[in-house]
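J.: sequence plus predicted model, see below.
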Amino acid sequence: MEDSKKKSGIHPPLSRRGFLKAFGATSALATGALLAACAPTAPQAPSESAQPAATDSSAQVPAAEATTAPAAAEGQPKSGGRYRIMTENDVQTLDAPLAFNYEDWWLSSFLIYNRLYEFGIDLKLFPALAADFPQISDDRLTYTIPLRKGIKFHDGQELTAEDVKFSFDRILDPNFANQGSQFVAILAGAEEMKNGAKELSGVKVIDPYTVSFTLTKPQSTFELVFGVATFGIVPKKAVEAAGADWGTKTVIGTGPYTLRDWKIGERLTFERFPDYWDKDGYYLDTVEMDVKIPPEQQVLRWENGEAEYAIGYPSPELARIMDDPNLNGRLRTGPTTIFIYLSLRNGAPLDDVNVRRAVAMAIDKQVIADKKRNARATDRLHQSTLPNFNPNVKNNYTYNPEEAKKLMAASQYKDGAKLSFYTFDKDLAESVQADLKEIGIEAEILTGDFAAFEPKLVSGEIQMNTNGDAADYPDPDQFYTAKYVCNERQTSFASSFCDQAQAVRDMLDQTLSLPLNSKERNDLLDKMESTVLNDIVDKIPIYERVAYGLGQPYIQGDVIHPIYGLPVIEGAFSTK
């Protein structure tokens with residue numbers, strides 16, 4: 001059987017997570033704090049940091065190639081050493097389905113747990129705890145998955161199909177509130193679980209090393225769901241024995257590192273698991289996370305060599321580091337799945353498609369990206385990091401202020417227009433405001449608590465807002481699932497252009513029964529993107545986010561993962 005690392009597309013490294021998180025406004029989580037794609041809360045302003053964006057906003061940036069770290073110039077990888085990483089926040093839990101905070105899910109995803117399948121830095125899925133890719137039934141409802149034999153949990157117990165079933169049953173237990181349930185609600189028996197059933201009828205143990213998953217209807221991306229970090233496989237016996245202590249006092253997975261010590265509010269220490277099932281590529285003896293370290297202190301300690309990686313830093317510090325020849329070689333950088341866009345609502349003057357098209361052509365995205373520096377201007381709704389990104393899809397309404405003026409003249413608002421613009425990023429909004437003024441649109445900028453403004457966005461009283469999106473898994477279907485529902489959910493995330501939105505939804509529904517990487521499915525995804533960009537014009541892409549982190553020259557291989565936005569541990573080693 002082909003080795004799992006070869007299936008990842010690159011070695012080393014591999015890895016982990018994609019749960020959506022909000023941007024931090026001050027600590028500059030440029031390394032990839034993810035934006036909520038569907039949650040009814042507004043992300044805060046991203047930091048104004050990182051290097052200038054590329055000028056070609058249509059070119060694809062392959063994740064593996066664009067991720068950088070120092071070259072391994074000092075010979076072959078060697079075992080030993082420690083990796084100290086700092087963060088401003090505290091760790092709340094190391095229970096995978098509850099690890100919502102940025103630090104929690106990085107530790108649970110990279111160190112403690114494995115999933116059935118995982119994403120390499122090229123964002124391709126590969127078998128991890130699974131021995132091979134799933135066998136999918138002809139009706140695309142049942143996924144039968146073989147497990148690797150001999151995999152040990154940190155307590156010495158062998159992983160079996162019972163642990164896999166228990167992990168998924170637990171996620172859909174109505175008494176266990178977690179965000180993972182949204183991804184697997186399509187499993188047979190999920191509704192019965194809500195009504196008191198004790199286990200999922202749709203997850204069956206075939207034998208100790210085989211498990212099957214049955215859906216209520218086809219879902220082309222279901223195999224990608226297995227790679228989402230919330231689905232780290234836990235040991236049934238240990239979880240039941242630990243009770244309320246699970247995830248804090250008791251933490252057991254199949255991952256490459258075990259929790260050795262947890263000093264609440266100070267530091268977590270992990271050591272390499274000697275019986276890890278996939279030892280090749282893990283060289284560091286220990287990983288330490290220091291928590292509750294202010295960004296300013298992180299930079300000082302990093303410069304003094306007191307840590308191998310800093311997650312947070314004040315925005316001005318990154319510019320200083322980039323301009324310092326003694327420090328800039330320590331930077332880690334890579335693409336992400338995060339992008340920022342404008343959402344246009346069905347209220348005057350944006351009820352006229354010519355005005356929406358004029359808005360799209362009036363905005364100089366490159367100016368915005370250059371100011372951000374950790375951004376790359378884009379005219380696309382599908383992130384260029386996605387494996388099925390098609391660079392040939394055309395956006396007809398790119399920056400062209402003269403054409404924008406012609407479109408305004410052809411609209412019912414040719415004598416001028418006003419609109420309200422809610423935003424979490426005032427700098428971006430001011431740039432957009434200036435561009436719109438040039439074509440005769442006066443934009444009033446609104447900021448503050450998102451909850452207070454959302455009803456007005458739904459009604460169209462506020463006509464435009466800034467949104468951010470990121471991928472739990474590398475496929476664009478999530479973007480449409482949350483937004484093109486013909487306002488069924490009455491949220492600002494659902495398109496308010498109902499008739500045209502339904503056409504997009506119909507295409508999305510057609511994709512569900514098609515094989516994940518089939519040409520027919522990818523063609524439909526391309527058509528959906530083109531429809532939104534050129535026909536509905538209710539989403540205007542602005543920029544993709546570039547990830548940055550502060551590393552050390554004596555550490556090799558700790559590249560940034562484009563979904564997780566933090567350094568991978570597999571393949572990382574110290575040259576000291």
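T.: Cool, got the structure. Here the structure is a predicted model, which means the values were calculated and not measured.
J.: for the rest of this, base every contact and every neighbour count on C-alpha atoms.
T.: OK.
J.: biggest helix in this protein by residues?
T.: Assignment by DSSP state H gives helix 498-511 as the longest helix of the chain.
J.: how far is stretch 289-307 from where the chain is centred?
T.: On the basis of CA atoms, centre = their mean, to the nearest Å, stretch 289-307 sits 25 Å off its chain's mean C-alpha point.
J.: which ones are touching F166?
T.: V234, K236 (CA atoms under 8 Å, 6 or more residues apart in numbering).
J.: what strand or helix carries it?
T.: Element membership for F166, per DSSP states H and E: helix 161-171.
J.: packing partners for the next helix or strand after that helix?
T.: Downstream of helix 161-171, the next assigned helix or strand under DSSP H and E is helix 181-184. Packed against helix 181-184, as judged by 3 or more CA pairs under 8 Å, 6 or more residues apart in numbering; DSSP states H and E, are no other helices or strands.
J.: which other residues reach helix 181-184?
T.: Contact with helix 181-184 is made by I171, L172, A190, V225, as judged by CA under 8 Å, 6+ apart.
J.: try it again at 7 Å.
T.: By CA atoms under 7 Å, 6 or more residues apart in numbering, the surrounding residues in contact with helix 181-184 are I171, L172, V225.
J.: which strand runs longest in the chain?
T.: Secondary structure assigned by DSSP state E gives strand 331-344 as the longest strand of the chain.
J.: let me see the mean pLDDT of that strand.
T.: In this model, strand 331-344 has a mean pLDDT of 94.
J.: same deal with stretch 500-519?
T.: Confidence for stretch 500-519, expressed as mean pLDDT, is 93.
J.: do me a favour and get the end-to-end distance for that stretch?
T.: 24 Å (CA to CA, to the nearest Å).
J.: same check on stretch 206-220?
T.: Its start and end residues considered, stretch 206-220 measures 23 Å (CA to CA).
J.: returning to what we had before: could you dump the helix holding F166 to CSV, C-alpha only?
T.: Taking Å, rounded to 0.1, in the frame of the first residue of the first chain, the C-alpha atoms of helix 161-171 are listed here in CSV:
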residue,chain,number,x,y,z
ALA,A,161,-13.2,0.8,15.1
GLU,A,162,-15.1,1.1,18.4
ASP,A,163,-13.0,4.2,19.2
VAL,A,164,-13.8,5.7,15.8
LYS,A,165,-17.6,5.1,16.2
PHE,A,166,-17.5,6.4,19.8
SER,A,167,-15.8,9.6,18.6
PHE,A,168,-18.5,10.3,16.1
ASP,A,169,-21.4,9.3,18.3
ARG,A,170,-20.0,11.6,20.9
ILE,A,171,-19.9,14.6,18.6
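J.: how far away from the center of its chain is that helix?
T.: Relative to its chain's centre, helix 161-171 lies at 24 Å (CA atoms, centre = their mean).
J.: hang on, P476 packs against H382?
T.: Yes: the criterion here is CA atoms under 7 Å, and P476 meets it with H382 at 6.0 Å.
J.: how about the helix or strand where K527 lies, which residues are buried there?
T.: Using DSSP H and E, K527 sits in helix 519-530. With burial defined by 16 or more other CA atoms under 10 Å, the residues of helix 519-530 counted as buried are R521, N522, L524, L525, D526, M528, E529, S530.
J.: what sits against the fifth one?
T.: Taking CA under 7 Å, 6+ apart as the contact definition, D526 lies against V393.
J.: any idea how far it is from P476?
T.: For D526, the distance to P476 equals 10 Å [CA to CA].
J.: over to the last one?
T.: Between S530 and P476 the distance, using CA to CA, works out to 13 Å.
J.: shared neighbours, those two?
T.: With CA under 7 Å, 6+ apart as the test, S530 and P476 reach no residue in common.
J.: wait, P295 sits on E317?
T.: No: if you go by CA under 7 Å, P295 and E317 don't touch, sitting 9.6 Å apart.
J.: the more surrounded of the two?
T.: Between P295 and E317, P295 has the larger neighbour count (other CA atoms under 10 Å), namely 23 against 16.
J.: quick check, pLDDT for that one.
T.: In this model, P295 is scored at 95, pLDDT.
J.: I'd like to know how far it sits from Y480.
T.: Distance, P295 to Y480, by CA to CA: 36 Å.
J.: first-to-last residue distance for stretch 173-183?
T.: In stretch 173-183, first residue to last residue: 14 Å (CA to CA).
J.: how about it: buried residues?
T.: D173, P174, N178, G180, S181, F183.
J.: distance from that stretch to the middle of the chain?
T.: Averaging C-alpha positions (CA atoms, centre = their mean) puts stretch 173-183 19 Å from its chain's average.
J.: now do the same for it: mean pLDDT, whole number.
T.: 90.
J.: equivalent analysis for stretch 468-478, please.
T.: Here the average pLDDT along stretch 468-478 is 91.
J.: picking that back up, I'd like the distance from the longest strand of the chain to the chain centre, please.
T.: 10 Å.
J.: run through this structure and note the low-pLDDT ranges.
T.: For the chain, the stretches with pLDDT under 70 are 1-75, 487-489.
J.: quick check, nearest of the buried residues of stretch 173-183 to K237?
T.: D173 (16.9 Å; CA to CA).
J.: residue contacts, the closest one?
T.: M193.
J.: next one: K527
T.: Per CA under 7 Å, 6+ apart, neighbours of K527: none.
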